[in-house]
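Novice: Predicted model and sequence follow; I will ask about them next.
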Amino acid sequence: MFKISEFSRLSKVSLKTLRYYDQIGMLKPRKVDHDTGYRYYSADQLLELNRIFIYKELGFTLPQIIQLLREDITLEHIQGMFKLKKSEIQHIIDMEQAKLSRIEERMQLIDREGQVETGQEIRIKAEGAQPFLSLKARGREEDIPDLFRTFNQLLTKETRQLAQSPQVVLWKEIDEQEDEFEFEVGYFLTRELLISQDTFQLRILPPEPMMATMAFRSDSTFACTACVDLAKWIEKNNYQIKENEPGREIYLPLSKQDAQLMEIQIPIINR
């Protein structure tokens, strides 16, 4: 039997850690002297400590390690915990691999452009549910400014006050037309309201947990290929475009400039 100080030197584990493991019930001393309060450990508890640190290196938390060390734990339970940890680690590896791919993309873009480009940044983010007031139409991309002019002329003063600044376009491709789309042009609202005109459509856009997004200036060199570039990125990174959900374009004016800041948002899911 070893006093806690001796056991600490043998195991290379601090006194503070040994006392904490005792407190949480993970490694209790083999004996406690009731008169002096001294803790005593046995040599075979070095093997228990080794198991604890192996489990820690594998990424298990202290509460999980306590479960794994229980005498009544079944082999099936141990296997289940290892399978769950394996799945968690694989998820981390996949996330880190995706980061490596993004770094490679940035390096290639810098090599191609000769500078750190502030556009063509692709992010995955979530969008919450939002009230959306819109005007539906079919047309080409160049028709969007005219659609907004028509829409703004029809808005009442009260509605304009509730409309948030960015112009929003929802779009779906039309199968039989290569360059024509089903559009909804409109604004997110700060709150819901009653509308009497049948011209408008008011609805709550559902939350989207995963949106692949790209922000860029409308006068940038790659603005005309942005949608294609984003679609290629989605495919390359093993995501899938969500069926029956429209893509979105957000337009924000840039101060004292003719160009706009645009953001394309495409709902995606994991493959």
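Specialist: Received the coordinates, thanks. Numbering: from 1, shown residues only.
Novice: tell me which element Ala126 falls in.
Specialist: Ala126 belongs to strand 121-127 when assigned by DSSP states H and E.
Novice: Quick check: the residue lying closest to Ile144 once chain neighbours are set aside vs Asn152, distance?
Specialist: In space, and not counting its chain neighbours, Ile144 is closest to Val169: 6.0 Å by Cβ to Cβ, 6 or more residues apart in numbering. C-beta: built from backbone N, CA, C; applies to glycine. Val169 sits 14 Å away from Asn152, going by Cβ to Cβ, to the nearest Å.
Novice: who's more crowded, those two?
Specialist: Under the criterion of other Cβ atoms under 10 Å, the comparison of Val169 against Asn152 puts Val169 first, with 22 against 14.
Novice: so that one touches Val185, yeah?
Specialist: Yes: between Val169 and Val185 there is a contact under Cβ atoms under 8 Å: 5.3 Å.
Novice: Need the overlap of contacts for these two.
Specialist: Residues touching both Val169 and Val185 (Cβ atoms under 8 Å, 6 or more residues apart in numbering): Ile144.
Novice: what sits up against stretch 234-254?
Specialist: For stretch 234-254, contacts defined as Cβ under 8 Å, 6+ apart pick out 98, 101, 165-172, 182, 184, 208, 210-212, 217-218, 227, 231, 260-271.
Novice: Quick one: mean pLDDT for the host helix or strand of Glu104?
Specialist: When elements are assigned from DSSP H and E, Glu104 belongs to helix 75-113. The pLDDT scores in helix 75-113 average 85.
Novice: Mind telling me what element the residue of the chain most remote from its centre is part of?
Specialist: Within the chain, Asp35 marks the point farthest from the mean C-alpha position, 56.5 Å out by Cα atoms, centre = their mean. Using DSSP H and E, Asp35 sits within no helix or strand.
Novice: can you check Ala231 too?
Specialist: Using DSSP H and E, Ala231 sits in helix 226-236.
Novice: what does Glu182 give?
Specialist: Glu182 belongs to strand 181-188 when elements are defined using DSSP H and E.
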